[in-house]
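# Here is a sequence with its predicted model. Questions after.
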Amino acid sequence: MNLLAHFYLADLTATSAAGQLLGDRVKGRLDGRLDADIERGIRLHRAIDSFTDSHRLTADLRRRFAPPLRRYGGILVDIGFDYCLSRDWTRYSNTPLPTFARQVVNQARREWPATAAPAPDTGLARALATYGQPHGLQCALDSVDRRLRRPSPLPEALPALMAQQTHLQAAFDVFFPELCVYARRV
């Protein structure tokens, strides 16, 4: 899952928002160097990613992208699912998405360990609040591309992602409730 879903699941399970962001940055064993709540959030992040990557629905969706995008299918599915979540936000939360995004980013900033790279800025809240719009998806694709070591086709992937929206939505409607149940048990 991408950031919005990770933050939603952190909120759902009362775990660390900072841990959800650090889940992609902190590598290796968790050995107590970080606050216990942050490490619990990182463990949840890793469990969410593992559940998502191994689910039959996401595997089917990844195969729907033609090469060279198929190599980035997991990223595209994650971002596509955040698009679905943001568009269906009121099914999952009574808090308006822009308010939730500000709250969760502020929480991550409060929890952020002093030893980690710079804390997220308020621009992240604005980005999360726009995931339900194509320009928000484009920003997410561009952001992921900047973090990759090599050039990728992600900046040009928006049309292919939008073309799969019907399939993404149908899979999300089944997958996300299962993921919520799983996250509560982790």
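That came in fine, so what should we check first? Everything numeric here is computed off the predicted structure, so don't read it as measured data.
# make it CA atoms for all contacts and neighbour counts henceforth
Noted.
# Need the residues that contact stretch 12-22.
Outside of stretch 12-22, the residues within contact range by Cα atoms under 8 Å, 6 or more residues apart in numbering are 3, 6-7, 10-11, 37-42, 44-45, 104-105, 107-109, 111-112, 180, 183-184.
# how far is the one helix or strand residue 51 maps to from where the chain is centred?
In the assignment (DSSP states H and E), residue 51 maps to helix 36-54. Centroid separation for helix 36-54 versus its chain: 11 Å, with Cα atoms, centre = their mean, to the nearest Å.
# Can you list the buried residues in the next helix or strand after it?
Going down the chain from helix 36-54, the next helix or strand is helix 56-63, by DSSP H and E. Applying a neighbour-count criterion of 16 or more other Cα atoms under 10 Å, one finds 57-58, 61-62 buried in helix 56-63.
# same deal with stretch 59-78?
61-62, 64-65, 69, 72-78.
# Next: stretch 84-92.
With the criterion 16+ other Cα under 10 Å, stretch 84-92 contains buried residues 84-87, 89.
# now do stretch 36-56
In stretch 36-56, counting by 16+ other Cα under 10 Å, buried: 37-49, 51-53.
# And those residues, which is closest to residue 140?
Nearest to residue 140 among the buried residues of stretch 36-56 is residue 49, at 17.4 Å by Cα to Cα.
# Name the nearest residue to residue 34, sequence neighbours excluded.
The shortest distance from residue 34 to any non-neighbouring residue, by Cα to Cα, 6 or more residues apart in numbering, is to residue 113 (7.3 Å).
# nearest residue to the most centrally placed residue in the chain other than its sequence neighbours?
Central residue of the chain (Cα atoms, centre = their mean): residue 2, 1.5 Å from the mean position. The shortest distance from residue 2 to any non-neighbouring residue, by Cα to Cα, 6+ apart, is to residue 78 (5.0 Å).
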